[in-house]
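Asker: fold the following for me, if possible:
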Amino acid sequence: MYPTPTPFGFAPYRLSGTVYGVLLNHAPALAALGDAVDAPPYKAPPKAPVLYLKPRNTLSAPGQAIVVPSDVSALQIGANLGAVIGRAACRVSTAQALDFVAGYAIVNDLSVPHDTFFRPSVRFKALDGSCAIGPVQPRSCITDPDRLPVRIDIDGQLAQSTDTGDRLRALAKLLADITDFMTLAPGDIVLLGTSHGAPTAHAGQRIAIEIEGLGRLENTLAAAGAAHDHPMEPHA
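Answerer: Model (predicted):
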């Protein structure tokens, strides 16, 4: 029997740490840059994981409304597999990396659509409530985190069908490369990366993300000024 989930996981793996996102980890996303990857500002394909943070103000629980700022027409939906770290990980090997994962969660990494992946602006990635996280399930629920079907529905209609494969760095390799230069702590969450061609949604629409073995994460986008739950308050 699974532990009873809280809005942000099960004890002791509540969201007590940092959420790390990774850019250009989906091979088609890097390929879509074409020759631009060798021109400024990139100058070359990335040699290490391109990380960014989703700070505490971005966190939302399942079912909570996420506010779309009045000056933003739509938000890009970033369906992600989130790996919750269970014990301190420093310079771990690829072979042992998944042993440091306590569980997995569906994560909707919402952002303001933008054209450049070079040092993405905080204002695009750190909107209030823009990181919705489903209840954490134990690692034993997932046999292979790199072979999971992912589905995004908007208002009940299929918007994208993808999977967690075709990554430049599979999850174990990603964790090994990150811990080569920094320590991951218990409660941290590492995102595998958004698939290329992620859809957008606007205020008033309902988003549902399904990842095989982890269930379904649903949230509604709300217009600024509309009645909604505060993003940091647990949903009843």
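Asker: residue contacts, residue 194?
Answerer: 26, 29, 78, 79, 80, 109 (CB atoms under 8 Å, 6 or more residues apart in numbering). To be clear about C-beta, it is placed using only N, CA and C from the backbone, and glycine gets the same treatment.
Asker: what's the longest helix in the chain?
Answerer: helix 171-179 (DSSP state H).
Asker: rounded mean pLDDT for the helix or strand just after that one, please.
Answerer: Elements were assigned by DSSP states H and E; along the chain past helix 171-179, the next helix or strand is strand 189-191. In this model, strand 189-191 carries a mean pLDDT of 97.
Asker: what's strand 189-191 in contact with?
Answerer: So strand 189-191 is contacted by 15, 17-22, 78, 80-85, 105, 107, 109, 133, 171, 174-175, 178, 184 (CB under 8 Å, 6+ apart).
Asker: which members of these occur in helices, if any?
Answerer: Counting by DSSP H, the contacts of strand 189-191 contribute 171, 174, 175, 178 to helices.
Asker: quick one: which two of those residues are the most distant?
Answerer: Spanning the widest gap among the ones in helices among the contacts of strand 189-191 are 171 and 178, at 10.7 Å by CB to CB.
Asker: tell me the contacts of the residue lying closest to residue 163 once chain neighbours are set aside?
Answerer: Spatial nearest neighbour of residue 163, excluding adjacent residues (CB to CB, 6 or more residues apart in numbering): residue 149 at 5.1 Å. Applying CB under 8 Å, 6+ apart to residue 149 gives the contacts 161, 162, 163, 210, 211, 212.
Asker: pLDDT weak spots in this structure?
Answerer: Scanning the chain with the threshold set as pLDDT under 70 gives 1-16, 30, 32-46, 114-121, 226-236.
Asker: of the ones in helices among the contacts of strand 189-191, which is the most crowded?
Answerer: residue 175 (27 neighbours; other CB atoms under 10 Å).
Asker: contacting residues for it?
Answerer: Counted by CB under 8 Å, 6+ apart, residue 175 has contacts 83, 89, 92, 97, 98, 100, 101, 184, 190.
Asker: measure stretch 125-132 end to end?
Answerer: The first residue of stretch 125-132 is 13 Å away from its last residue (CA to CA, to the nearest Å).
Asker: now do it: distance to the chain's middle.
Answerer: Mean-position distance between stretch 125-132 and its chain equals 10 Å (CA atoms, centre = their mean, to the nearest Å).
Asker: of the contacts of residue 194, which belong to strands?
Answerer: Of these, the ones assigned to strands by DSSP state E are 79, 80, 109.
Asker: mind giving me the ChimeraX command for buried ones among those residues?
Answerer: Of those, the buried ones can be selected in ChimeraX as follows, counting by 16 or more other CB atoms under 10 Å:
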select :79,80,109
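Asker: where along this structure do the helices fall?
Answerer: 27-32, 122-125, 171-179.
Asker: which of these is buried the deepest?
Answerer: helix 171-179 (a mean of 21; mean count of other CB atoms under 10 Å).
Asker: how far off centre is the longest helix of the chain?
Answerer: The answer for helix 171-179 is 16 Å, by CA atoms, centre = their mean.
Asker: can I get it in PDB, CA atoms only?
Answerer: Presented in PDB, the C-alpha positions along helix 171-179 are these (Å, rounded to 0.1, in the frame of the first residue of the first chain):
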ATOM      1  CA  LEU A 171      17.500  10.300 -15.800                       C
ATOM      2  CA  ALA A 172      20.400   8.400 -14.200                       C
ATOM      3  CA  LYS A 173      22.900  10.200 -16.400                       C
ATOM      4  CA  LEU A 174      21.300  13.600 -15.700                       C
ATOM      5  CA  LEU A 175      21.600  13.000 -11.900                       C
ATOM      6  CA  ALA A 176      25.200  11.800 -12.200                       C
ATOM      7  CA  ASP A 177      26.200  14.900 -14.300                       C
ATOM      8  CA  ILE A 178      24.400  17.300 -11.900                       C
ATOM      9  CA  THR A 179      26.000  15.800  -8.800                       C
END
